[in-house]
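>>> Sequence and predicted structure below; questions after.
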Amino acid sequence: MRVGIIGSIVLGAIDFTTTSPAQNPPAAPAIVRTVVAGAKLADVTTAPLYFCAIAVTIPAGATTPIAAWPNGVLYQLSGSTAIVAAGESKTLAPGEGTVLVAGRDATLKAGSDGPSRILHFLLLPAALLDKPVETEPAAVTELFRTPAPIPTLKPGAYDLNLTRVTFPPQGQPRHRAMDLSRLQHQSRRGAGRGDGEPTEMIPT
């Protein structure tokens, strides 16, 4: 739907500029950033942390546990997932996400209409790097891991956000990317205002 709307606007602009050559061309569509999930982390300096991204596929109707794992964010690619954590439940549809807070057990259950495909972004201490997160019957593939701990983390609270980045079409279908490259530090002086220094998680 959105691609069709953008296409109509572009065609209308072309027709208009043909009849009025002096008119300035329309501005290019902007890159759209949408925060999918976020949470405040009280402290991330207890141990050096690595950033890890894994792909998870859960068969239709199957359940996989997550036992007291570190902070992470789930993003639903396809299918649906019912999440139960700390006595609360939530179901993710494609394009939705949620934060799983460290130290809480959780279970993930795929919907009955088909397998659930998820991206799971994690902040992992070294001791947990090679231990499984989701277990069978889920199939897990590691996609990315920082070669060293995230640098320059400071004591204090951080905002952890997952952002979906949508690029405008340029003769091809629009592209989407997931950006979890920053932890936003909240200094004591700037707590709650978001004016702390960002910490890069993925080298660019």
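Noted; the coordinates are in hand. The shown structure was predicted, so the numbers you read here are calculated from the model rather than taken from an experiment. Numbers count the residues shown, from 1 in each chain.
>>> Contact partners for residue 96?
For residue 96, the set of contacting residues under the criterion of C-beta atoms under 8 Å, 6 or more residues apart in numbering consists of 36, 75-76. C-beta: built from backbone N, CA, C; applies to glycine.
>>> How much space separates it from residue 109?
To residue 109, residue 96 is 15 Å away according to C-beta to C-beta, to the nearest Å.
>>> Likewise for residue 131?
The spacing between residue 131 and residue 109, counted by C-beta to C-beta, is 22 Å.
>>> ok, now residue 95?
From residue 95 across to residue 109, the span is 19 Å (C-beta to C-beta).
>>> now swap in residue 65 and tell me
Separation of residue 65 from residue 109 (C-beta to C-beta) stands at 10 Å.
>>> Looking at the two now, which is surrounded by more residues?
residue 109 (18 against 13; other C-beta atoms under 10 Å).
>>> SS state for that one?
Using DSSP: H, G, I helix; E, B strand; the rest coil, the three-state assignment for residue 109 comes out as strand.
>>> For it, which residues are in contact?
58, 61-64, 81-84.
>>> Now do it, the pLDDT please.
The predicted local confidence for residue 109 comes out at a pLDDT of 96.
>>> Could you identify the buried members of the contacts of residue 96?
Judged by neighbour count, with 16 or more other C-beta atoms under 10 Å as the criterion, the buried members of the contacts of residue 96 are 36, 75-76.
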